[in-house]
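**Q** Predicted model and sequence below, questions to follow.
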Amino acid sequence: MINMNDWTNEIIQCPKTKAIPIMTHPGIELCNHTVKEAVINGHIHFQAIEKLNEKYPSAACTMIMDLTVEAEAFGAAILFHEDEIPTVSKRLLEDEVSIENLQIPDLTQARIPQYLLANKLCVEQIKDKPILAGCIGPFSLAGRLYDMSEFMMLCYSDPNPAHILLSKCTDFIKKYCKAFKEIGVHGVVIAEPAAGLLPNDGCYEFSSLYIKEIVEELQDSSFMIILHNCGNTGNCTDAMIQSGAKGYHFGNKINMVEVLEKCPKDVLVMGNLDPVGIFKMASSDTMRNETLKLLKQTEGFQNFILSSGCDIPPHTPFENIQAFFDTLNDYNNRNPLT
């Protein structure tokens, strides 16, 4: 059992910067499997995490960021791709009546059991660091069920059915996260990128209030909530903080120094190297330079954890991932504070 309050405090008090990239796809490739195989098979998903844990010194293990799992459990049609994360192929809900009639699924639906299995195997086999599950946030899930553009309009034109749908999504996510907690997972990264499209007050009303419900019910010394919003460009950081999560993960479009200045010093703040433009597309020299630049910019913020801005995509060069970790190691060894 890892006490996540103690783990958080140890990171904050440690003079060396830690890294937790959101990364699964390179592990899938190390196992010679496809993304499609990993997202439908919990054993392959686990093997990918295990391979990455053996190869890279991340401070925690993160699971696949697949934002279709929960929508599929509700009954949404999903399009699978061999080398990309699945996508929702069409909206499930059309109007207020369909929202009223929507049933909250149990945890036996669709691929939910495979994701629970992958997390369970990680907890059983990886003992040296926390296992962080992943799930979608309520606003982003509602948008996938109703259509994102249509749901945003619904929030402002007729908020009552929007809140009914958000409540149903939240109830399911709480049930899902509770299952993670019961099998011994140490925390969950709740991905709420669509909430970044909202202004601060809208993000608070339609996202953070619901995230706060999850936090208040489940977050404790054994289970940590990390709120990820790569859609936030600085417009809704305050709303994110009001959720009460113990960790916040930001995308590459945001200024990390400004975020760190806003966030409480006793929570973990993670980000934000571009997963596509830097990790996947840049040279290893650029990877090193950008990593070092971010480390220097965030000096003095003990609660900062170096990370990618979002999920590192398939076919990212392994030399770039190694350059990321090597640069961090060199920085920690040369920094006089360490």
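**A** Nice, thanks for sending it over. Since this is a predicted model, take the numbers as computed values, not measurements.

**Q** Spatially central residue for this protein, please.
**A** Taking Cα atoms, centre = their mean as the criterion, Val189 is the residue nearest the geometric centre of the chain, at 3.9 Å.

**Q** Show me what the host helix or strand of that one is packed against.
**A** Using DSSP states H and E, Val189 maps to strand 187-191. For strand 187-191, the contact count by 3 or more Cβ pairs under 8 Å, 6 or more residues apart in numbering; DSSP states H and E identifies strand 131-136, helix 159-182, strand 224-229 as packing neighbours. C-beta: built from backbone N, CA, C; applies to glycine.

**Q** what number of residues lie near the nearest residue to Gly244 once chain neighbours are set aside?
**A** Spatial nearest neighbour of Gly244, excluding adjacent residues (Cβ to Cβ, 6 or more residues apart in numbering): Val215 at 4.5 Å. Each residue near Val215 was counted by other Cβ atoms under 10 Å, and the total is 20.

**Q** can you check Glu37 too?
**A** As a burial measure, Glu37 scores 16 neighbours (other Cβ under 10 Å).

**Q** Burial-wise, tell me which of the helices and strands packed on strand 187-191 comes out on top.
**A** Compared across the helices and strands packed on strand 187-191, strand 224-229 shows the largest average neighbour count, a mean of 28 (mean count of other Cβ atoms under 10 Å).

**Q** for that one, packing partners?
**A** Strand 224-229 packs on strand 187-191, helix 209-218, strand 247-250, going by 3+ Cβ pairs under 8 Å, 6+ apart.

**Q** Kindly reformat those as a markdown table and extend each row with distance to Ile22 and mean pLDDT.
**A** Conversion of the helices and strands packed on strand 224-229 to a markdown table gives the following (distance: least, Cβ to Cβ, whole Å; pLDDT from 0 to 100):
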| stretch | distance to Ile22 | mean pLDDT |
| --- | --- | --- |
| strand 187-191 | 7 | 98 |
| helix 209-218 | 18 | 98 |
| strand 247-250 | 7 | 98 |
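
**Q** Could I get the ones you listed in a markdown table, plus columns for distance to Thr298?
**A** Formatted as a markdown table, the entries for these read as follows, by distance: least, Cβ to Cβ, whole Å:
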| stretch | distance to Thr298 |
| --- | --- |
| strand 187-191 | 20 |
| helix 209-218 | 25 |
| strand 247-250 | 12 |
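
**Q** Test my guess that Ser307 contacts Lys18.
**A** No - contact status for Ser307 versus Lys18: not in contact, 9.4 Å apart, counting by Cβ atoms under 8 Å.

**Q** sorry, back to before: residues in contact with the residue nearest to Gly244?
**A** Contacts here follow Cβ atoms under 8 Å, 6 or more residues apart in numbering; on that basis Val215 touches Ile225, Ser243, Gly244, Ala245.

**Q** Out of these, name the ones that lie in helices.
**A** Of these, none are assigned to helices by DSSP state H.
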